[in-house]
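Enquirer: Need the 3D shape of this:
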Amino acid sequence: MRLKGTKYEKIDVLPPNALPIGVFARKQGINHNYVYVKHDRHFHPKPGKNPGAYPGFVIRCWHGTNYVIPD
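Expert: A predicted model of the protein is given here:
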């Protein structure tokens, strides 16, 4: 658990197509943790590793809760 907020960009206005992580994961048929993995492999690669393929969504924080914003 992060003690100093989130590593995802904070937004003030939630787009109409935004979904909570759990809802998005259920619709995709994947575990919610894998949503974070797919995002982080592309946007936050480990040093010396190539970034993964673009997942087709971004994760943003709105009022302390993470949401997926699909393209």
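
Enquirer: May I have the phi/psi pair for V35?
Expert: V35 has phi and psi values of phi -60, psi -50 when expressed as degrees, to the nearest 10.

Enquirer: Next, count neighbours for it.
Expert: The criterion is other CB atoms under 10 Å. On that basis, V35 has 20 neighbouring residues. (C-beta placed from N, C-alpha, C; glycine too.)

Enquirer: Y54 and F43: what is the separation?
Expert: Separation of Y54 from F43 (CB to CB, to the nearest Å) stands at 9 Å.

Enquirer: For those two, work out which one has more neighbours and name it.
Expert: Neighbours were tallied for Y54 and for F43 using other CB under 10 Å; the higher tally belongs to F43 (16 against 12).

Enquirer: quick one: contacts for Q28?
Expert: When contacts are counted by CB atoms under 8 Å, 6 or more residues apart in numbering, Q28 is found next to V35.

Enquirer: Can you report phi and psi for the residue lying closest to R60 once chain neighbours are set aside?
Expert: Counting by CB to CB, 6 or more residues apart in numbering, R60 lies nearest to I11, which is 4.8 Å off, once chain neighbours are set aside. Backbone torsions of I11, given as degrees, to the nearest 10, read phi -130, psi 150.

Enquirer: OK, contacts around I11?
Expert: When contacts are counted by CB under 8 Å, 6+ apart, I11 is found next to 60-62.

Enquirer: I'd like these laid out as TSV, including secondary structure.
Expert: Compiled in TSV, the contacts of I11 are given as follows (DSSP: H, G, I helix; E, B strand; the rest coil):
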residue	secondary structure
R60	strand
C61	strand
W62	strand
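
Enquirer: Please convert those residues to CSV, extending it with pLDDT, distance to N17 and neighbour count.
Expert: CSV is the format used below for the contacts of I11 (pLDDT from 0 to 100; distance: CB to CB, whole Å; neighbours: other CB atoms under 10 Å):
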residue, pLDDT, distance to N17, neighbour count
R60, 96, 12, 18
C61, 95, 16, 15
W62, 94, 13, 17
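
Enquirer: Which strand residues bridge the residue minimising distance to the centre of the chain?
Expert: Using CA atoms, centre = their mean, the residue of the chain that lies closest to the mean C-alpha position is I59, 2.9 Å off. Partner residues in beta bridges with I59: V68, with DSSP bridges as the criterion.
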